[in-house]
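Novice: Provide a 3D model corresponding to the input given below.
(chains A, B, C and D, ligands or ions: 4)
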Amino acid sequence: MKTDGAPATAGVGGGVFARFGEVRHLGLVAALVLLAVVGLVTVPDNFATTSNLVSILSLAATIGVITVGMTFVIIGGGIDLSVGAVMALASVWATTLATQSYGPFVMGLCAVLVGTGAGLVNGLLIAYGRMVPFIATLAMLVAARGLAQRMSDRKTQLIQQGNEAVVALSTTRVLGVPLLVYIFALVVAVGWIVLNRTTFGRRTYAVGGNPEAARLAGIDVRRHTMLLYALSGFCCGIAAILIMARTTTGSSTHGDLYELDAIAAVIIGGTLLTGGRGTIIGSILGLLIFTLITNLFILNGLNTSDQLIAKGLIIVIAVLLQRRNLKERAP
Amino acid sequence: MKTDGAPATAGVGGGVFARFGEVRHLGLVAALVLLAVVGLVTVPDNFATTSNLVSILSLAATIGVITVGMTFVIIGGGIDLSVGAVMALASVWATTLATQSYGPFVMGLCAVLVGTGAGLVNGLLIAYGRMVPFIATLAMLVAARGLAQRMSDRKTQLIQQGNEAVVALSTTRVLGVPLLVYIFALVVAVGWIVLNRTTFGRRTYAVGGNPEAARLAGIDVRRHTMLLYALSGFCCGIAAILIMARTTTGSSTHGDLYELDAIAAVIIGGTLLTGGRGTIIGSILGLLIFTLITNLFILNGLNTSDQLIAKGLIIVIAVLLQRRNLKERAP
Amino acid sequence: TSNQPAAQPSAQSAAPAPAPAAGGNDQPGTKVVIGFSAPAADHGWIAAIAKNAEAAAKQYSDVEFKAVEPTNDINAQISAVESLIAAKVNALVILPNDGQQLNQIALQATAAGIPVVNLDRVFPDKLAYRTWIGGDNYGMGVAAGHYVGKKLKDKGVTNPVIVEIQGIATLPLTQDRTKGFADALKTYGFSVTAKQDAQFTVETGNKVAANLLQAHKKIDAMWNHDDDQGVGVLAAIKEAGRNEFFMVGGAGSANAMREIQSGDSVLEATVTYSPTMASSAIKLARLIAQGKGMSDLVENQVPQSITLASETITKENVQKYLPLGFES
Amino acid sequence: MLIMRGIVKQFPGVRALDGVDLDVRAGEVHCLLGQNGAGKSTLIKVLAGVHRPDAGTIELNGTTIAPSNPVDAIRLGVATMYQELDLVDGLSVAENIMLGHEPTRLGFTRRKALRSTATEILTRLGHGEIRPSKEVGRLSPAAKQVISMARALSHDARVIVMDEPSAALAHDEVANLFRIIRELTAQGVAVVYISHRLEEIREIGDRVTVLKDGRTVAVGLPAGDTPTSQVVSLMTGRNVEYVFPPRSGAAPGADVLRVENLSAPGVFADVSFSVRAGEIVGLAGLVGSGRSEILEAVYGARPATGRVLLDGRPVSRSTARAVRQGMGLAPEERKAQALLLDQTVTANITLGSLDRYARFGWLDRAREDAEARRLVQTLDIRPADPQRPIKTLSGGNQQKAVLARWLLNDRKLLLLDEPTRGVDVGARAELYAVIRKLADDGIGVLLVSSEVPEVLGLADRVLVVREGRVIHSASAQELDEHTVLDMIMEGSAA
Ligand SMILES: Nc1ncnc2c1ncn2[C@@H]1O[C@H](COP(=O)(O)OP(=O)(O)OP(=O)(O)O)[C@@H](O)[C@H]1O
Ligand SMILES: Nc1ncnc2c1ncn2[C@@H]1O[C@H](COP(=O)(O)OP(=O)(O)OP(=O)(O)O)[C@@H](O)[C@H]1O
Ligand SMILES: [Mg+2]
Ligand SMILES: [Mg+2]
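Specialist: Ligands and ions are numbered 1, 2, ... in the order given. Here you go, the predicted structure:
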């Protein structure tokens, strides 16, 4: 019986995911190209400069790192609304005078630990407390913002003298590119590898796609879920370091509404909110679209109202551009 | 074979859903009672007064109406992030000088039409444009806010003399209760009836719970989905009337972050984000919990930071309280 | 909607025509490009800031005005200023979302040889800007405090219930206002009974006020930081049918002034915080870029800092201010 | 009455139907036979308006029809019970039965009419005991099948299509189903019946159409007197009978699994048995008797009291540790419990043994691919492309992939819950051989099947389960089908 016209030797090359890994991003790339063309036409002098491209990447770096963690969580069938608040809390904690007295290294460590810790609490509540992710992380959002406000007494905390090494991530450039862009790239690369080349990544797809099947196949779904949120928190910690470097401060107001931006980037990137599908590359492309839109607005000096209207329309167009793709993939 | 242990004569009394309609809300009611006890203990003089209870209901009314629409959308397997922005747009449109010149009735009509229209656009994008609800309504959120800002030139639009009838919804009291609370109650009642007693309502469960089954059973899933978003938009229109009555204004800043509050209320109320299950009563109970929390904090003079921290904790506790319930229901 | 307070011409007419400068400073000089960056104009006061700045720039044939995307995200505002530095403007006018967080980028601008005029929210590092111009938030609180304190003292109230509705709590300006208010009240032996923060919007003002009115059955005085959220506060007061207290606003919006003028409102006074400072900031930036001084002063250069005064508007003087009030 | 001619349906990469003819008469039971993936479900979905054919015509009572959606088909008098249960868990039994054509007045559901209609249909199906107000999500799979059937009956259809209705049903249930089918045909309704159980077809069928590789290979054979061997050879192109591999005769080894006093309140109680290395132990019983639950409890996937020992060591209550200790479970509901529908065949097969291809968590994808490819060939999973998303495979081939998952590891004990549900005759024989070979290699196998001949033919020892209790245990050779059926239904064991 031959139900398939293809020869038995089909399906060569590439990995398990390679086969449906490429076409799906065409729509996103098309949207990016379109935006770039708009940039070249409307602000020819300022758009295609190195400094502007670097600026775009620097702007994208903070949410970008968060988006990587968010991609894992969403592929794993969850959602993390607390990312912005956790980043804020980590930045505040890392810039308290007490922490700062130990120097820049401890500050970074503190940010990462606080982020991971908050993520772990999310994970525990969701995996072992059986709370709905939306609610658990919403509670964390609210509580982390409150804690950050309390800890900072609602003030912006400057990075003190002696700890300029943190700020140097933003000001030091290698080959004309600030260090924090390299960190962003590193996080994306590591995220991609973990998702595509390790058992952890493969299990993430299983846990998100069909948790019952994953459980019966011997995966410790709860533990894995918990780790996913911890990973997201870890990314928030890294993002906190980047935002500290960029703003030279820790503040309870950092990262406001980042959760919506990150989730939007992930979804525009083709990851399903129901879990089990998605790619890091897609998320980053989605994020770059958003950043590019902002950049174009900045360069063109549009007023806020028009920006918002245009942004809404662009999102719709970008998604409709990749609709055919989506349609094919979604059953 | 006995697939069901119950005697053949079972199934008497009550509605189809009456049987599993009560127990599931126990956790929520317990949380409410707990909060009420806290109120009675900490602020005995101010909490249990009629005026405070009426005030709580008035505050809950606006989001309450939105929550009813959101419950439909979420049971139907979707999500609507645009509710707050659509409400703002409707309030702005209804308070432009041009609209106001036609009197209060036309203002109300305008709000409802704008809301429904925006909802319809959401519905079209999602049902026929096959856009992911999260993204489509996020785009609407952004665009509607922009449009509202543009239309109002970012100013707060006061209700003019001659149109006080709108404000009267808030200031006129019948039996000591402002009219807008009656409107809220009416919307909840109608929502309940539609969800539980009409084919539209029952099919909403099918569309959300198993769209493929619904399609095979001959339900026009797309049309139904579209209508659900239009319904949510309609509720936003009503909510716009209520917010105009309460604040005597239309403004592009109205309803900021309502989407999160409404979604949280719906989910705390036991509706699954995956669709197919949920109740209006649960959503309203969830909303009342949130409103009560804010009220208690302000009565006790807590500052916002502490409020946020406590709010996070209370959400967690409320959910863990009803966890056992949830566990039973979710397969 | 007004964000922060200000007495400023009717918003319908966009920005006020800045008064001509004396001493020939308005004569066209070297051509200069002035970059402008401010938070997103989602509230009236900031919207007025943006409009005023643009209108002031339009007055001069020798000024090219380059405004970048207003935003509430620090990260994006940094990016916006970066793009202005890259475009090599002659002077920058920056109203930062948060002075401390944009300090670094302002320093970079200064280092790149671009003079920065810091508008309103101040950079902590004086190296970061050439001139600061802004309102007096502490003074605003003091003005409100004096009005409330004096009035209660005159009435002979002891242990008054004084309620304060703040704006966005995480902004330093809110904290300054609150401190000024408390300090002024202290001189009368009074203190604030309860305070809650709103978000500068009508709706949040309404919500906070509704709950506060439940918390305090009898109030003697109320200070609301911002006249725009004040619209919501007044609606809540009306809804609750309360009138045993008086209220002071903050901003100087036209609405608030009309309420004050009517005489039958609980709102008796408001203290100003004017968005006209944006027009001044543009003028200063132009002068600095052209190397001129302020012609009314003896100095050859523009001063390092200029603080506007906060005025108290009551029924007595409202007539005079009403034309300047902005529609929030 | 119903004539389908030259139906062609192309899916991306697969020509599921390649010119199929079907000819159904009023009042007959027309059986559709064919191997997994032959195109049976696709054909009836074309008829039901779910898929639109790329070519071909459908004629009903002399008029050409082209149902473009399920509503059309229902209106034209074609009602369908789909292979995958298509019920809405959140709705009640009555609402599910009448979904899409609820009795209404002005948009309001007429709840009394809804209930009474549902009760009436359920009673007619012999299941008056299912309360119409019960939430469907809480029913057992068998009861859900009844609801599916009730839904098909709720339409006044002239043609009723049943896609493997008996797959989730036990013996007495099937008899009940046949009674209803006979009632229907007596009223002149045509029934299109799909099943892999040839004996059922012989019992209820009038005529048989056989599909192979999306083509009709035989039309209208008399169901009663066509020799089984002929049908099988038509389906497979080979001459295979329904055969079980011989038992090796070697004495089984030591106990792999010991279960002592395992109980779960309300589901099963006081279950004790053991499985030895190289032994296949079958659990026979009615649907709903608690066999799946026993399996899940042994596997640590469901809370229970009592002791479970694997190789003498206690098994902890966690599937992850159960797998690490050497167990594997192929669950009964493949779509809900076993498959990652969006993933490839390879990813599905290797899911249970990822650590074997990984060093420090790093996957060796070449090795993974190679192993998956080998198994696809061994089990003859079609199409033989391990990179294809598994949801594009037919039900039976998906089932093979689920089994393949546990053939990769060195398992000590395999728990197989309805391993051949929806698997065609040819593939069954292959699966039986695979299972027997596993046992011969020293693995213990615990098997649940609702087909008594399968349990008897494949297992070495049989435990009879009735209402959550093991009521009899004997060597398979000592039992015959009749005795077992008696026991599971009457409980008249000695
Ligand atoms: N939606 C789809 N997309 C792509 N291919 C499909 C789809 N549905 C079915 N197929 C393919 O069409 C062929 C026929 O499948 P079908 O489900 O009709 O088989 P079947 O005869 O019902 O088999 P079984 O007895 O296993 O249920 C198979 O090769 C299957 O992989
Ligand atoms: N979560 C549950 N709570 C209470 N009872 C349950 C639950 N799940 C199953 N049951 C009951 O346990 C018994 C066994 O269920 P099930 O139908 O799965 O048995 P089975 O013997 O495995 O049948 P099958 O042939 O379908 O595998 C039934 O009476 C069922 O109603
Ligand atoms: Mg099939
Ligand atoms: Mg079972």
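Novice: any low-confidence regions in the stretch 51-200 of chain C?
Specialist: For the stretch 51-200 of chain C, the stretches flagged by pLDDT under 70 are C:69.
Novice: which residues touch residue C:114?
Specialist: Contacts for residue C:114 were tallied using CB atoms under 8 Å, 6 or more residues apart in numbering or on different chains; they are C:35, C:85, C:88-92. The C-beta positions use only the backbone N, C-alpha and C, and glycine is treated the same way.
Novice: swap in residue D:185?
Specialist: D:27-29, D:191.
Novice: got a ChimeraX select line for the buried ones in those residues?
Specialist: A single ChimeraX command selects the buried members of the contacts of residue D:185 (16 or more other CB atoms under 10 Å in any protein chain shown):
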select /D:28,29,191
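Novice: so which of the contacts of residue D:185 comes closest to residue B:314?
Specialist: residue D:191 (58.5 Å; CB to CB).
Novice: tell me who's in contact with that closest one.
Specialist: Here residue D:191 is in contact with D:28-30, D:159-162, D:181, D:184-185 (CB under 8 Å, 6+ apart).
Novice: name the nearest of those residues relative to ligand 2.
Specialist: Top of the list for closeness to ligand 2, among the contacts of residue D:191 and by CB to the nearest ligand atom, is residue D:162 at 18.4 Å.
Novice: for the closest one, give the beta-bridge partners.
Specialist: residue D:81, residue D:193 (DSSP bridges).
Novice: surely it meets residue D:82?
Specialist: No: in this structure, residue D:162 is not within contact of residue D:82 by CB atoms under 8 Å, at 9.3 Å.
Novice: and residue D:410, what helix or strand is that in?
Specialist: Remark: residue D:410 resides in no helix or strand, with elements defined by DSSP states H and E.
Novice: model confidence for the residue nearest to it when sequence neighbours are not counted, exactly?
Specialist: Spatial nearest neighbour of residue D:410, excluding adjacent residues (CB to CB, 6 or more residues apart in numbering or on different chains): residue D:326 at 7.3 Å. Per-residue confidence at residue D:326 stands at 89 (pLDDT).
Novice: so where do the helices sit in the stretch 151-300 of chain C?
Specialist: For the stretch 151-300 of chain C, the helices defined by DSSP state H, counting those that start in this stretch occupy C:172-186, C:202-215, C:227-240, C:254-262, C:277-290.
Novice: thinking again about what came up before, what's the neighbour count on the residue nearest to residue D:410?
Specialist: The number of residues packed near residue D:326 is 19, by other CB atoms under 10 Å in any protein chain shown.
Novice: any idea how far it is from residue D:461?
Specialist: Residue D:326 sits 20 Å away from residue D:461, going by CB to CB, to the nearest Å.
Novice: still on that earlier bit, dump the residue contacts of the residue nearest to residue D:410.
Specialist: Counting by CB under 8 Å, 6+ apart, the residues that residue D:326 touches are D:310-311, D:409-413.
Novice: can we see that at 10 Å?
Specialist: Contacts of residue D:326 were listed using CB atoms under 10 Å, 6 or more residues apart in numbering or on different chains, and they are D:256-257, D:310-311, D:315, D:409-414, D:443-444.
Novice: picking that back up, need the overlap of contacts for residue D:162 and residue D:82.
Specialist: Common neighbours of residue D:162 and residue D:82 (CB under 10 Å, 6+ apart) are D:44, D:148, D:152.
Novice: which of the residues you listed fall within helices?
Specialist: D:44, D:148, D:152 (DSSP state H).
Novice: so which of these comes closest to ligand 4?
Specialist: residue D:148 (16.8 Å; CB to the ion).
Novice: please name the nearest non-neighbouring residue to the closest one.
Specialist: Distances taken as CB to CB, 6+ apart put residue D:81 closest to residue D:148, at 5.0 Å, once the chain neighbours are dropped.
Novice: any idea how far the one you found lies from residue D:319?
Specialist: Applying CB to CB to residue D:81 and residue D:319 gives a distance of 33 Å.
Novice: likewise for residue D:153?
Specialist: Applying CB to CB to residue D:153 and residue D:319 gives a distance of 39 Å.
Novice: what do you get for residue C:225?
Specialist: Taking CB to CB as the measure, residue C:225 falls 58 Å from residue D:319.
Novice: who's more crowded, the two?
Specialist: Remark: of residue C:225 and residue D:319, residue C:225 carries more neighbours, 34 against 24, as counted by other CB under 10 Å.
Novice: just the strands in the chain please.
Specialist: No chain was given, so I picked chain A. Along chain A, counting by DSSP state E, strands occupy A:157-158, A:173-174, A:177-178, A:249-250.
Novice: sorry, I should have been clearer: chain C.
Specialist: Assigned by DSSP E, chain C shows strands spanning C:32-37, C:63-67, C:91-94, C:116-119, C:131-134, C:162-166, C:194-197, C:221-224, C:246-251, C:267-272, C:305-307, C:312-314.
Novice: which non-adjacent residue is nearest residue A:163?
Specialist: Leaving out its chain neighbours, the residue that sits closest to residue A:163 by CB to CB, 6+ apart is residue A:104, at 4.7 Å.
Novice: contact partners for that neighbour?
Specialist: Listed by CB under 10 Å, 6+ apart, the contact set of residue A:104 reads A:94, A:159, A:162-169, A:241, A:244.
Novice: ditto for residue D:184
Specialist: D:27, D:29, D:152-153, D:157, D:160, D:190-191.
Novice: if we go to 6 Å?
Specialist: Residue D:184 is in contact with residue D:191, counting by CB atoms under 6 Å, 6 or more residues apart in numbering or on different chains.
Novice: list the buried residues in the host helix or strand of it.
Specialist: Taking DSSP H and E as the criterion, residue D:184 maps to helix D:171-186. Residues of helix D:171-186 classed as buried under the neighbour-count rule (16+ other CB under 10 Å) are D:171, D:173-174, D:176-178, D:180-181, D:184-185.
Novice: which of those residues lies closest to chain A?
Specialist: Of all those, residue D:173 has the smallest distance to chain A: 25.4 Å, by CB to the nearest CB.
Novice: what sits against whichever residue of the stretch 1-150 of chain C sits closest to ligand 3?
Specialist: Residue nearest to ligand 3 within the stretch 1-150 of chain C (CB to the ion): residue C:73, separated by 53.2 Å. By CB under 6 Å, 6+ apart, the contact set of residue C:73 is empty.
Novice: same thing with residue D:388?
Specialist: Neighbour list for residue D:388: residue D:345 [criterion: CB under 6 Å, 6+ apart].
Novice: and it, what pLDDT?
Specialist: pLDDT, residue D:388: 90.
Novice: measure it to ligand 3 for me?
Specialist: 17 Å (CB to the ion, to the nearest Å).
Novice: contacting residues around the residue in the stretch 101-250 of chain A positioned nearest to ligand 2?
Specialist: Residue nearest to ligand 2 within the stretch 101-250 of chain A (CB to the nearest ligand atom): residue A:212, separated by 13.2 Å. Residue A:212 sits next to residue D:337 when contact means CB under 6 Å, 6+ apart.
Novice: what about 7 Å?
Specialist: Applying CB atoms under 7 Å, 6 or more residues apart in numbering or on different chains to residue A:212 gives the contacts D:336-337.
Novice: measure how buried the residue nearest to residue A:103 when sequence neighbours are not counted is and give me the count.
Specialist: Excluding the flanking residues, the one nearest residue A:103 by CB to CB, 6+ apart is residue A:163, at 6.5 Å. Neighbourhood size, residue A:163 [other CB under 10 Å]: 23.
Novice: just confirm residue A:163 contacts residue A:105, I think it does.
Specialist: No: using CB atoms under 7 Å, residue A:163 is not in contact with residue A:105, being 9.6 Å away.
Novice: shared neighbours, the two?
Specialist: With CB under 7 Å, 6+ apart, residue A:163 and residue A:105 have no common neighbours.
Novice: which parts of chain A sit against chain C?
Specialist: Chain A comes close to chain C at residues A:46, A:49, A:51-52, A:55, A:59, A:62, A:149, A:154, A:156, A:158, A:167, A:243, A:246-249, A:251-253, A:294, A:297-299, A:301-304, A:307, as judged by CB under 7 Å from any CB of the partner chain.
Novice: any regions of chain D where pLDDT drops low?
Specialist: Checking chain D against pLDDT under 70 turns up D:13, D:85, D:236-242, D:489-494.
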